[in-house]
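Colleague: Everything below, folded, please.
(one chain, ligands or ions: 1)
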Amino acid sequence: MNRHLLSSADLSRDEIESILETAEQMHDIQRRDVKKLPTLRGRTIINLFFEDSTRTRSSFEIAGKWMSADTINVSGKGSSTSKGESLRDTVRTLTAMGVDCIVIRHQASGAAHQVAGWVDASVINAGDGTHEHPTQALLDAYTMRSRFGSLEGRHVVIVGDVAHSRVFRSNLITLHRLGARVTVVAPPTLMPAGVGAWSSVDGFTTSWDLDEVLYADDPPDAVMMLRVQRERMSGGFFPTEREYTVGYGMTRERFERLLGRNPDCLILHPGPMNRGLEISADAADAVGSSLVLDQVSSGVAVRMSVLYHLLAFGDEVAS
Ligand code: NCD
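Modeller: The predicted model follows:
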């Protein structure tokens, strides 16, 4: 496997399966009283986050700690980049201390790729602008797989602010590699221009009509709601929030009708959620249907597995 994880496209189907299988072992460790493996003893991991994060940063930190790595967090706001230091100088300074892995989140698409070209350490992309977020796609696949057994032939609908979503881009690749069918739903203003012509991934369809997709003859097995990313928007992408919710939100009415068609349909959201805008509390908190907290819990196991694959592959997972 590659030394870095920059894009979901870096992983073959076999590599994805291998990561998900190891994540299952890691999930068992997560359920123990003493959550500690010696696997990454002596390794140092830096979480370098230039954008806000709750779950991604803390789950990488927990994952590293449970595997006995030394993990430290450096946030963009408190680092010397706010004094004008370039990203290149920042990462070269950090790796000069002997760091083995940089987990980076940055507002610029392509930042993780650039960093990988500047340092000897392994680089993990924890979200670069509107581009990719590969560990999120892995944890989403892990979470769905733990319910479905396999994603082969499953129909996954991804809904919302697709244009600004790195979660969407990574999911599209990973789900496709695992054999799922994907339908992408967004208002025309939040659908990436030319999405239909994306050649690296085929076999997905797009729609502007959520109800048509949800209540078609081929109802979805899972619906992934995406956050409306106001911080990446300039100007108006939809007339009012109310209109967005009516057209594209997982409202209580929509959710109930969806379960009427397929009682086993699962609801996902990568978080953070705008409750009442893209998802109602009824859907987000629906016991048995909502996987939102399972996604968070899987996030630690999947990140442990990714760290293991990049930094210790070939060594025993050890118990
Ligand atoms: C996502 C992100 O930051 O890309 N969140 C996450 O990592 N759990 C999605 C989002 O911000 O909407």
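Colleague: List, one by one, the residues from the protein near the ligand.
Modeller: Within the chain, the residues that sit near the ligand (CB under 6 Å from any ligand atom) are 55-56, 127, 133, 136, 166-167, 227, 229, 270-271. C-beta here means a position set from N, CA and C on the backbone, and glycine is covered the same way.
Colleague: one more time with 5 Å
Modeller: For the chain, the contact set with the ligand under CB under 5 Å from any ligand atom comprises 55-56, 127, 133, 167, 227, 270-271.
Colleague: quick one: which of the residues you listed has the most company?
Modeller: Neighbour counts for those peak at Gly127, which has 28 neighbours (criterion: other CB atoms under 10 Å).
Colleague: quick one: stretch 271-288 to chain centroid distance?
Modeller: Put simply, stretch 271-288 sits 17 Å off its chain's centre (CA atoms, centre = their mean, to the nearest Å).
Colleague: Show me what counts as buried in it.
Modeller: 271, 273-274, 277-280, 282-284, 286 (16 or more other CB atoms under 10 Å).
Colleague: Break this protein down into its structural domains.
Modeller: Domain ranges of the chain: 8-132+297-311, 134-295, per automatic domain parsing.
Colleague: who's in contact with stretch 245-260?
Modeller: Stretch 245-260 is contacted from outside by 159-160, 185-187, 210-211, 214-215, 219-220, 223, 225, 238, 265, 267, 276-280, 282-283, 286, 289, using CB atoms under 8 Å, 6 or more residues apart in numbering.
Colleague: Any idea how far it is from the middle of the chain?
Modeller: 23 Å.
Colleague: mind putting the domains of the chain in TSV, mean pLDDT included?
Modeller: Below are those laid out as TSV (pLDDT from 0 to 100):
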stretch	mean pLDDT
domain 8-132+297-311	95
domain 134-295	93
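Colleague: In helices only, show me the contacts of stretch 245-260.
Modeller: Those of the contacts of stretch 245-260 mapping onto helices are 210-211, 214, 282-283, per DSSP state H.
Colleague: out of the residues you listed, which one sits closest to the ligand?
Modeller: Ala283 (16.3 Å; CB to the nearest ligand atom).
Colleague: Would you mind measuring from that closest one to Gln295?
Modeller: 14 Å (CB to CB, to the nearest Å).
Colleague: who are the neighbours in contact with His164?
Modeller: Contacts of His164 (CB under 8 Å, 6+ apart): 130, 190, 229, 232-233.
Colleague: any chance of those residues in JSON lines, with neighbour count and secondary structure too?
Modeller: Converted to JSON lines, these look like this (neighbours: other CB atoms under 10 Å; DSSP: H, G, I helix; E, B strand; the rest coil):
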{"residue": "Thr130", "neighbour count": "20", "secondary structure": "coil"}
{"residue": "Leu190", "neighbour count": "22", "secondary structure": "helix"}
{"residue": "Gln229", "neighbour count": "17", "secondary structure": "coil"}
{"residue": "Arg232", "neighbour count": "14", "secondary structure": "helix"}
{"residue": "Met233", "neighbour count": "15", "secondary structure": "coil"}
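Colleague: Closest one of these to the ligand?
Modeller: Gln229 (5.7 Å).
Colleague: Surely the closest one touches Val167?
Modeller: No: counting by CB atoms under 8 Å, Gln229 sits too far from Val167 to count as a contact (10.0 Å).
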